[in-house]
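Visitor: everything below, folded, please.
(chains A, B, C and D)
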Number of protein chains: 2
Amino acid sequence: MGRPREHDEQTRRTLLAVAGDLLASEGSAGVSVRRVSQEAGTTTRAVYSLFGDKEGLLRALYQQAAETMRHHHEAVPEDEDPLVEITALALAYRAAALEEPNLYGLFMSGAVPGFRPVGEDARLARRSLARVVQAVQRFVDTGKLPGRDPRAVAQQLWGLVHGLAALELQGHLGPPGQAEARWRDAVLAAVTGYRQPPSTPQ
Amino acid sequence: MGRPREHDEQTRRTLLAVAGDLLASEGSAGVSVRRVSQEAGTTTRAVYSLFGDKEGLLRALYQQAAETMRHHHEAVPEDEDPLVEITALALAYRAAALEEPNLYGLFMSGAVPGFRPVGEDARLARRSLARVVQAVQRFVDTGKLPGRDPRAVAQQLWGLVHGLAALELQGHLGPPGQAEARWRDAVLAAVTGYRQPPSTPQ
DNA sequence: ATCGTAACGTAACAGCGTCGCGATAGGCTG
DNA sequence: CAGCCTATCGCGACGCTGTTACGTTACGAT
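Guide: Have a look, this model is predicted:
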């Protein structure tokens, strides 16, 4: 019974695509409920029917960004040398961040006003790093990172790459060539450090 | 000639203090020109006379945050061991970030909608790390970080601490005790790595 | 054919950043 | 001392925002 819904899955996809484009082309200021729904050829009601509210729309975008990050990581081949594989994973993270800076900003921190991932969404960010945890675990198991806690190392590497990404997106790392050198060097130093057994007990 | 200005230096300080308090207590959503000016006992015009526009007000807050960060760093005593001094500097960074998360978010990236530091302000962020650059320079000069470019190392350490701060503020590092352990461990690994001469030419 | 109901578009609400406009207040000139 | 000049003031309006109450519409069930 009742009127059949026209705000369907297709409309949902269109809204998400438009929101993503607007975020990329005009930044967070361009993403308003009116603007997005109008450019998607529908009305503001559609956003509220499909996503609950504006934050719901942003949450969907966030999940999409997390998925993109996960795909970038899973495309990295395994390597028996931790330095090679971890460097490749870091550069995959960098590629994802540079590819869609605004989407990455939404994903990793505060590029959009009041948006903050909570609960399941916050865990989504961590899950997108599963590939890194798995790699570090493998290196620990085979004695290549002696005495290390895989989750701790993955967290710390995550911190490093996120910080480098934030700095590069703000222009603090110079031109892309120099920036990549900074990434490689930082990862190299970190992995070198992790290859030594930790001196503080954990 | 003309009417004497009542939007003076005192008004400016009051507006900045109110804006800082609102940012700390209610986040970026609480900082509106109307709200700030009203709670400061003046009118919206004062903000536009003294700061140009809302972004001018935020810029002034940003500069204040940079200054706070610089002070935290300069309070760290010198030490002949790079590991000791750099760890202390990193924990000073952490303390500044945790002390006023919203101000730090404004300072380091996108905690406020359309705000992005440019030009002189972006350089201000780098200048707040002068103490780190100086320390690394000293270690390079005395051969404790052989073959390193002080500016590159400082940038990379900056990336590391910023990333860790962002992760911790988002709750990804667990309770404060574990978080501090993560910080110490990450810095330890990085410094250990920097003590080895770089294998890639720079 | 009529009714019930669910989803629709519209229009309104409060709040936002910004700025044009008339009022105001003090220093300079006569 | 009176009056003008002008820089600064507060007020109110403009167009925007996210959200939602409301009247309308379209279909399945009776």
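Visitor: how about the nearest residue to residue A:5, chain neighbours excluded?
Guide: residue A:49 (7.4 Å; C-beta to C-beta, 6 or more residues apart in numbering or on different chains). C-beta coordinates here come from the backbone N, C-alpha and C atoms, glycine included.
Visitor: just checking, that neighbour touches residue A:8?
Guide: No - if you go by C-beta atoms under 8 Å, residue A:49 and residue A:8 don't touch, sitting 9.9 Å apart.
Visitor: the more surrounded of the two?
Guide: Using other C-beta atoms under 10 Å in any protein chain shown as the criterion, residue A:49 and residue A:8 rank with residue A:49 on top: 16 against 12.
Visitor: quickly find the element holding the more buried one.
Guide: Assigned by DSSP states H and E, residue A:49 belongs to helix A:44-51.
Visitor: contacts (any at all) between chain B and the helix or strand hosting residue A:70?
Guide: If you go by DSSP H and E, residue A:70 is part of helix A:54-74. No - judged by C-beta under 8 Å from any C-beta of the partner chain, helix A:54-74 stays clear of chain B, getting no closer than 12.3 Å.
Visitor: would that helix count as contacting DNA strand C?
Guide: No - against DNA strand C, helix A:54-74 shows no contacts by C-beta under 7 Å from any atom of the strand, the least distance being 13.1 Å.
Visitor: so which elements touch that helix?
Guide: On a contact count with 3 or more C-beta pairs under 8 Å, 6 or more residues apart in numbering or on different chains; DSSP states H and E, helix A:54-74 meets helix A:9-26, helix A:33-39, helix A:44-51, helix A:82-99, helix A:101-108, helix A:120-127, helix A:130-141.
Visitor: give me the buried positions along the shortest one.
Guide: Of all the residues in helix A:33-39, those buried under the rule 16 or more other C-beta atoms under 10 Å in any protein chain shown are A:33, A:35-37, A:39.
Visitor: same for it, what does it pack against?
Guide: Packing partners of helix A:33-39 (3+ C-beta pairs under 8 Å, 6+ apart): helix A:9-26, helix A:44-51, helix A:54-74.
Visitor: next, the buried residues of the second one.
Guide: Yep, that's helix A:44-51 we're talking about. A:46-51.
Visitor: which one among these gets closest to DNA strand D?
Guide: Nearest to DNA strand D among the buried residues of helix A:44-51 is residue A:48, at 4.4 Å by C-beta to the nearest atom of the strand.
Visitor: measure the closest one to residue B:179 for me?
Guide: To residue B:179, residue A:48 is 38 Å away according to C-beta to C-beta, to the nearest Å.
Visitor: up against DNA strand C, what does chain A have?
Guide: Checking chain A against DNA strand C by C-beta under 7 Å from any atom of the strand, the hits are A:1-7, A:42-46, A:49.
Visitor: change it to 10 Å
Guide: Taking C-beta under 10 Å from any atom of the strand as the criterion, the neighbours of DNA strand C within chain A are A:1-8, A:11, A:33-34, A:37-38, A:41-50.
Visitor: and DNA strand D, which of the residues you listed reach it?
Guide: The subset of the residues of chain A next to DNA strand C within reach of DNA strand D, counting by C-beta under 10 Å from any atom of the strand, consists of A:1-4, A:6, A:33-34, A:37-38, A:43-45, A:47-49.
Visitor: and which of the residues you listed is nearest to DNA strand C?
Guide: The closest of those to DNA strand C turns out to be residue A:2 (C-beta to the nearest atom of the strand; 1.8 Å).
Visitor: how many residues are close by the closest one?
Guide: Counted with other C-beta under 10 Å, residues neighbouring residue A:2 total 4.
Visitor: residue A:3: neighbour count?
Guide: Other residues near residue A:3 come to 5 when the count uses other C-beta under 10 Å.
Visitor: likewise residue A:15?
Guide: Residue A:15 has 25 nearby residues by other C-beta under 10 Å.
Visitor: and it, what pLDDT?
Guide: Residue A:15 is assigned a predicted lDDT (pLDDT) of 94.
Visitor: residues contacting residue A:165?
Guide: Going by C-beta atoms under 8 Å, 6 or more residues apart in numbering or on different chains, residue A:165 touches A:93-94, A:97-98, A:104, A:108.
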